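Asks: What follows is a predicted structure for the sequence shown.
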Amino acid sequence: MKKILIPVDFSEDSLTAIQYASQLISQNEQKQSVDLIHVFTYHTNSYINRQAYPIEDPQMKISEKDMERLLAKLHGEYPDITFNSIFKDGNLFEEISKVTASFNYDAVIMGTKGSSGLEAIFLGSNTYDVILNTKTPVLGVPQNTKGFKKNRIGLLCNFKEGEIEVLQHAIKLIGNNFELVLIYVNKDDRRISDIDAQFKDWIEEIINRTGIQNISYTIKPQVLYNRAAENVSHAISNVLIDEQIDLLLITRSRKSIFRRLIEENIVRKMAYNMTIPTLFAPVRRT
């Protein structure tokens, strides 16, 4: 069975993720079901420590009623999609890691506020922690996302094997009917002619192994990326706007651009300040 897992706290952010995922599934030929997981993380000691005379946290009943109303609404809007509910108690990313370890989900889809500053430490860190602590692909959906689109899919490219696997993850999730835009960050100031030649061979490899036919690439000059790390994620965001990218793919292998960006604290910035839906996917080979 194909399934998607969505963390739900009944905020606008999680509702945006649910709507995005539902539209994604509705466009696929092979339908996925959806597990909505709510993790209780705010029990007070007055409820946790009452072992002899346990008292049920009233928030649990409130959340269960909220979930019932949400499921009823979703069943009415998307009758062809099966929605299930899961309740867990503990740390969000730890519980998601446990659930995804027990079932091979296609993706975890999470709403993210895309905040900055102190607010991001509390709101953006959930997405970042899940990205780093689960073996399942994580698709972050910022709150201003208007709906699911896949006309132009961007891939941060460094000509590594893991990028093929990330594309295969994306195809499993959304199919292969899209234009793939390979985005190369020329941080080492290589000659453009050398990069062009490498792209020619790499695009042929992608076509042969994924079936994607519509592929273009863009090379961004080193001058855009030689500033402080906090500005690099902003520069990448501008590239996504210029190229009109609907969904960004990033691989998490040690040899990928993801790892290079992590070393500069850029991926954390991108997770906190997503401007478009972004799929962070692990790979087997590094």
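Replies: Looks like it arrived, so ask away. Everything quoted here is computed from the prediction, not taken from an experiment.

Asks: what's the weakest-modelled helix or strand in the protein?
Replies: The helix or strand of the chain with the poorest confidence is helix 118-123; it has a mean of 38 (mean pLDDT, DSSP states H and E).

Asks: Beyond that helix, next helix or strand please.
Replies: Going down the chain from helix 118-123, the next helix or strand is helix 125-133, by DSSP states H and E.

Asks: so what secondary structure elements neighbour that next one?
Replies: Secondary-structure packing of helix 125-133 (3 or more CB pairs under 8 Å, 6 or more residues apart in numbering; DSSP states H and E): helix 92-102, strand 107-112, strand 138-142, helix 266-272. Using the backbone N, CA and C atoms, a C-beta is placed for each residue, glycine as well.

Asks: strands paired with the helix or strand immediately after the shortest one in the chain, and their directions?
Replies: Spelled out, it's strand 138-142. Downstream of strand 138-142, the first helix or strand assigned by DSSP H and E is strand 152-157. Take DSSP bridges as the rule and strand 152-157 pairs in its sheet with strand 179-185 (parallel), strand 247-251 (parallel).

Asks: Go through the ones you listed and pick out the most buried.
Replies: strand 247-251 (a mean of 25; mean count of other CB atoms under 10 Å).

Asks: that older thread, what would the strands paired with strand 152-157 look like in TSV with distance to residue 110?
Replies: Formatted as TSV, those follow (distance: least, CB to CB, whole Å):
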stretch	distance to residue 110
strand 179-185	23
strand 247-251	14
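
Asks: For residue 9, find the nearest of the ones you listed.
Replies: Closest of the strands paired with strand 152-157 to residue 9 is strand 247-251, at 23.4 Å (criterion: CB to CB).

Asks: how about the CA coordinates for the closest one, as PDB?
Replies: Written as PDB, here are the backbone C-alpha positions of strand 247-251 (Å, rounded to 0.1, in the frame of the first residue of the first chain):
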ATOM      1  CA  LEU A 247       8.900  22.000  -6.100                       C
ATOM      2  CA  LEU A 248      12.600  21.700  -5.000                       C
ATOM      3  CA  LEU A 249      14.400  18.400  -4.500                       C
ATOM      4  CA  ILE A 250      17.500  18.100  -2.200                       C
ATOM      5  CA  THR A 251      19.500  15.000  -1.500                       C
END
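
Asks: And the contacts of that strand?
Replies: 149-150, 153-156, 160, 162-163, 165-167, 170, 174, 240, 256-258, 267, 270, 276-283 (CB atoms under 8 Å, 6 or more residues apart in numbering).

Asks: so where's this structure shaky on pLDDT?
Replies: 1, 42-58, 114-125, 222-235, 253-273, 284-286 (pLDDT under 70).
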